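Novice: Build me a model:
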Amino acid sequence: MTHFSMWALLKSPLILGNDVTNMTNETLSIITNDAIIAVSQDSAGSPVERMWDTPISSGGTLSLWSGSLANEYVHLPHPPHSRAPN
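Specialist: Numbering: from 1, shown residues only. From the prediction side, this is the model:
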């Protein structure tokens, strides 16, 4: 879900590279999520921008992203942090 959500938030084309006739229910529920699709297709067309990115003690980084929607709402996605490889 995180990968698909970030794709939508960045206003990237939502292109599926899988066999759509043979996908799991979980995949189908992610790619048909009305809220994510609404953000992707928001008429403002403004992608989110990274506000800050900081290292965390367990390794990896923590980021905060921000962006505006046509209805004047602001979304602040907080994706899970990345971890350094073990």
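Novice: in stretch 55-72, what counts as buried?
Specialist: 63, 65, 67 (16 or more other C-beta atoms under 10 Å). Any C-beta I mention is one placed from the backbone N, CA and C, and that applies to glycine too.
Novice: Likewise for stretch 2-17?
Specialist: By neighbour count on 16+ other C-beta under 10 Å, the buried set for stretch 2-17 is 4-5, 8-9, 11.
Novice: Format these as JSON lines; extra columns: secondary structure and pLDDT.
Specialist: Listed next are the buried residues of stretch 2-17 as JSON lines, based on DSSP: H, G, I helix; E, B strand; the rest coil; pLDDT from 0 to 100:
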{"residue": "Phe4", "secondary structure": "helix", "pLDDT": "89"}
{"residue": "Ser5", "secondary structure": "helix", "pLDDT": "87"}
{"residue": "Ala8", "secondary structure": "helix", "pLDDT": "91"}
{"residue": "Leu9", "secondary structure": "helix", "pLDDT": "89"}
{"residue": "Lys11", "secondary structure": "coil", "pLDDT": "92"}
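Novice: Among those residues, find me the one that's closest to Tyr73.
Specialist: Of all those, Tyr73 sits closest to Leu9, with 13.0 Å by C-beta to C-beta.
Novice: Quick one: mean pLDDT over stretch 14-34.
Specialist: Taken as a whole, stretch 14-34 has an average pLDDT of 92.
Novice: now the buried residues of stretch 2-17 in a markdown table, with distance to Trp52?
Specialist: Listed next are these as a markdown table, based on distance: C-beta to C-beta, whole Å:
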| residue | distance to Trp52 |
| --- | --- |
| Phe4 | 23 |
| Ser5 | 19 |
| Ala8 | 21 |
| Leu9 | 16 |
| Lys11 | 21 |
